[in-house]
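Below are the sequence and a predicted model for it; my questions follow.
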Amino acid sequence: MKAGVKQYGWILLWVCASVVWADTFKHKETGEVFTGFVTQRSTGGKTLVFNSETSKLTSVVLSDYEVAIDTKGRRDSVVLIQIMQPEVLLSQTVSEKIAAAIVDASNTGPQAIIVQIDSPGGRGDYMAIIASALSQTTNCPTAAHISGGPYGGAFSSAAVLALACQKVYIAPSAGIGAVGPATGFAGAAPNFEEYLATYSPDSLATYNTYVSTLAQQNHRPALPARALVDKRLSVVEVTNIDGSRQFIQKSDRQPTQTIVRTLAEGLSGASAGTSKPAAENIVGAVLNLTPQDAVAVGLADKIAGSVPEILSDLSLAGAKVTTMGSIDNTIKQYQAARRNIAQGLATIERLEEQTATLDEQFIALDEQLRTGTMTREVIQGGGQVYRRRSGERTPLNYNRYTDQNPVTARDDRTQGTRTRNPRIESITTVEPTANIEIVQRQLADSLRNLVAEYRRVINLAKRWPGGLPAELPMETLQKNTDSASSQLDNLYRYQPVYPDVPQQPSGRPVR
């Protein structure tokens, strides 16, 4: 499930040449015949096949058998798997659970698996988990039903799930395209920019080749399929000089080709984020098809308003429909983790601001101690100047910091490094406006809380991949954690330079 996109492509090409829905098996040498169905399980390099006559799994070498594709060895049932929640393609845990359910369902020998889809889309890596499970399910017929509903159909990465099935049906009220309507969300709907970043991100364009291979596997047009995940593509249908038709990018049209219709104008600079047109302009520019257009283009096979209509078309009208077990509990757990992560990020932002304020105060007090105006005769030893982290901002306005090691304090008059050999000399200083040790303790407390909250959020995000906002990678959180932890260590080592009193032993933590 965690293979790269290139690996997925090779899997799909292999699948194309090895579709076996089989039900009747005849051994090529012995003539032995039995009915049953192939599973996706294997042992000892052999495929496990269910023998309906003995009601047992048997390990066989499939190439030793002549396989007749019929329904004699299958169960009289159809499995319905619903992808109707937007969280499905936002959570790795949820997507993996659905992928596992698809494989498990195929191993029970149903007449078909129907995947019912109403989703705005989501992440490409989680799309590939489910789509690859569907494309590898060659031991059982699969069909997609783009049912429509609160989210309007199958869009972006959710539309790719439909293309992974051998048959695609679309409801009369549904749509299929690159960007869906930002509707159907309970409570406050996301703003359109946030909606795009979550459900139709520009990063989906990196799955161009994968989607193209997936479409070709089921004899669907590659370019319109790619336009589902790449908003930059302009797609037109043209007639060639010999009367044949094909889909091409508008910029590739030859003088001998006549444009029949334009499916998508494409967004210039969308992938680079340089163009942010209004919502209606985006929806109007990218691929969005009505049911009739989807069938005409070839991204869908037929219009069907219900599962019974699909069963009738598949000649399975009498089959019992079994709905896959609910994933509601898993989705609720994911939603709770996401809320917890969001609260943690808000706490981190507050602690970063608090730390920055204390940091400024601490630096100012340290500077005041070292460069004052009141004359005293003191014993002076070595010390260190504390240096804070830099203040570069992350995409979500959480401070990103880089470490700066503490440097040895320098004597401005000699331009040399102070030594630890004590000497008597005249120093000018002024009493600071606040106690630096108090500010130091407050800053240390703030940093400790910050590091703890970073680690808590990181642990949550590891347990629930997809829980972080798409624009905040785990690497940024880890980098910030390490930086804050390093700053805390530097703070513990800091010894304030009091010109009028002997210095504390070096390295003593200030707590």
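Perfect, I can see it now.

Can you tell me the SS state at residue 66?
strand (DSSP: H, G, I helix; E, B strand; the rest coil).

In the sheet, which residues pair with the residue nearest to it when sequence neighbours are not counted? Tell me.
Setting aside the residues directly before and after it, residue 66 is nearest to residue 26 in space (CB to CB, 6 or more residues apart in numbering), at 4.6 Å. To be clear about C-beta, it is placed using only N, CA and C from the backbone, and glycine gets the same treatment. Residues in a beta bridge with residue 26, per DSSP bridges, are residue 33, residue 66.

wait, what's in contact with residue 26?
Residue 26 sits next to 32, 33, 65, 66, 67, 68 when contact means CB atoms under 8 Å, 6 or more residues apart in numbering.

And the helices in the stretch 351-500 of the chain?
In the stretch 351-500 of the chain, the helices defined using DSSP state H, counting those that start in this stretch lie at 436-463, 474-493.

can you redo those helices as TSV with mean neighbour count and distance to residue 322?
TSV is the format used below for the helices of the stretch 351-500 of the chain (neighbours: other CB atoms under 10 Å; distance: least, CB to CB, whole Å):
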stretch	mean neighbour count	distance to residue 322
helix 436-463	18	31
helix 474-493	18	38
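
now those as a markdown table including mean pLDDT and distance to residue 314?
Below are the helices of the stretch 351-500 of the chain laid out as a markdown table (pLDDT from 0 to 100; distance: least, CB to CB, whole Å):
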| stretch | mean pLDDT | distance to residue 314 |
| --- | --- | --- |
| helix 436-463 | 94 | 40 |
| helix 474-493 | 93 | 44 |
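
Identify whichever of the ones you listed lies nearest to residue 264.
helix 474-493 (33.6 Å; CB to CB).

Packing partners of that closest one?
Counting contacts by 3 or more CB pairs under 8 Å, 6 or more residues apart in numbering; DSSP states H and E, helix 474-493 packs against strand 399-400, helix 436-463.

With respect to residue 337, which of those lies nearest?
Taking the helices and strands packed on helix 474-493 one by one with CB to CB, helix 436-463 is closest: 5.8 Å.

Any figure for the gap between the residue nearest to residue 66 and residue 109?
19 Å (CB to CB, to the nearest Å).

Of all the helices of the stretch 351-500 of the chain, which one is nearest residue 302?
That would be helix 436-463 among the helices of the stretch 351-500 of the chain, by CB to CB, at 42.0 Å.

where does residue 305 land on pLDDT?
As predicted, residue 305 sits at a pLDDT of 94.

cool, and residue 390?
Reported pLDDT for residue 390: 51.

what's the residue nearest the centre of the chain in contact with, if anything?
Central residue check for the chain by CA atoms, centre = their mean: the C-alpha nearest the mean position is that of residue 123, 4.1 Å away. Taking CB under 8 Å, 6+ apart, we find residue 123 in contact with 89, 90, 157, 201, 466, 470.

Sort out which one of those residues lies nearest residue 313 for me.
residue 157 (26.3 Å).

ok, the closest one - how many residues close by?
30 (other CB atoms under 10 Å).

Next: the one 4 residues further on.
Here the neighbour count serves as a burial measure; for residue 161 (other CB under 10 Å) it reads 27.

again with residue 69
Neighbours of residue 69 (other CB under 10 Å): 11.

Run a quick check on it versus residue 23, I expect a contact.
Yes: in this structure residue 69 lies within contact range of residue 23 using CB atoms under 8 Å: 6.7 Å.

Helix or strand with the lowest mean pLDDT in the protein?
Scoring the helices and strands of the chain by mean pLDDT, DSSP states H and E places strand 399-400 at the bottom, with a mean of 32.

For the stretch 51-200 of the chain, which segments count as helices?
92-106, 124-135, 157-163, 192-199.

which stretch among these comes nearest residue 227?
So among the helices of the stretch 51-200 of the chain, helix 157-163 is nearest, using CB to CB, at 10.0 Å.

Kindly export the closest one (C-alpha atoms) in CSV.
The C-alpha coordinates for helix 157-163 follow below in CSV (Å, rounded to 0.1, in the frame of the first residue of the first chain):
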residue,chain,number,x,y,z
SER,A,157,-8.9,12.4,-6.4
ALA,A,158,-12.3,10.9,-5.6
ALA,A,159,-13.1,10.8,-9.3
VAL,A,160,-9.9,8.8,-9.8
LEU,A,161,-11.3,6.1,-7.5
ALA,A,162,-14.2,5.6,-10.0
LEU,A,163,-11.7,5.2,-12.9
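
How is residue 224 assigned, secondary-structure-wise?
helix.

Stretch 63-75: how far from the chain's middle?
On the basis of CA atoms, centre = their mean, to the nearest Å, stretch 63-75 is displaced by 39 Å from the centre of the chain it belongs to.

first to last residue in it, what's the distance?
Using CA to CA, to the nearest Å, the end-to-end distance of stretch 63-75 comes out at 24 Å.

May I see the buried residues of that stretch?
Using 16 or more other CB atoms under 10 Å as the test for burial, stretch 63-75 gives 65, 67, 71, 73, 74, 75.

can you list these in TSV and add distance to residue 329 and pLDDT?
Output for the buried residues of stretch 63-75, formatted as TSV (distance: CB to CB, whole Å; pLDDT from 0 to 100):
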residue	distance to residue 329	pLDDT
65	42	93
67	39	85
71	34	77
73	34	82
74	30	87
75	27	88
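
Touching stretch 41-56 from outside, list them.
22, 25, 34-39, 57-62, 72-73, 107, 109.

how does this protein divide up, domain by domain?
5-18+74-231+288-326, 22-68, 333-493 (automatic domain parsing).

Please identify the most buried of those domains.
Of those, the one with the most neighbours on average (mean count of other CB atoms under 10 Å) is domain 5-18+74-231+288-326, at a mean of 20.

among the domains of the chain, which gets the worst mean confidence?
domain 333-493 (a mean of 73).

gap between the two ends of that domain?
End-to-end distance of domain 333-493 (CA to CA): 42 Å.

go on, stretch 53-61?
Span of stretch 53-61 from end to end, CA to CA: 19 Å.

From the chain's centre, how far out is it? Work that out for me.
For stretch 53-61 - counting by CA atoms, centre = their mean - the centre lies 40 Å from the chain centre.

for stretch 197-216, same thing?
Here stretch 197-216 is found 12 Å from its chain centre; the criterion is CA atoms, centre = their mean.

For that stretch, output the C-alpha coordinates as CSV.
Taking Å, rounded to 0.1, in the frame of the first residue of the first chain, the C-alpha atoms of stretch 197-216 are listed here in CSV:
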residue,chain,number,x,y,z
ALA,A,197,-5.9,23.3,-0.8
THR,A,198,-7.7,20.5,1.1
TYR,A,199,-9.7,18.7,-1.6
SER,A,200,-8.1,19.7,-5.0
PRO,A,201,-4.5,20.6,-4.1
ASP,A,202,-2.0,21.5,-6.8
SER,A,203,0.2,18.6,-5.6
LEU,A,204,-2.3,16.1,-7.2
ALA,A,205,-0.7,17.0,-10.6
THR,A,206,2.3,14.8,-9.6
TYR,A,207,0.0,11.8,-10.0
ASN,A,208,-0.5,12.6,-13.8
THR,A,209,1.2,9.4,-15.0
TYR,A,210,-0.4,7.2,-12.4
VAL,A,211,-3.9,8.4,-13.4
SER,A,212,-3.1,8.1,-17.1
THR,A,213,-2.1,4.5,-16.6
LEU,A,214,-5.2,3.8,-14.5
ALA,A,215,-7.5,5.2,-17.2
GLN,A,216,-5.8,3.2,-20.0
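
Format the helices of the stretch 351-500 of the chain as JSON lines; extra columns: distance to residue 251.
Output for the helices of the stretch 351-500 of the chain, formatted as JSON lines (distance: least, CB to CB, whole Å):
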{"stretch": "helix 436-463", "distance to residue 251": "41"}
{"stretch": "helix 474-493", "distance to residue 251": "36"}
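
For my notes, please list the contacts of residue 123 in JSON lines and give distance to residue 139 for each entry.
Output for the contacts of residue 123, formatted as JSON lines (distance: CB to CB, whole Å):
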{"residue": "89", "distance to residue 139": "25"}
{"residue": "90", "distance to residue 139": "29"}
{"residue": "157", "distance to residue 139": "25"}
{"residue": "201", "distance to residue 139": "33"}
{"residue": "466", "distance to residue 139": "29"}
{"residue": "470", "distance to residue 139": "35"}
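
Thanks a lot, see you next time.
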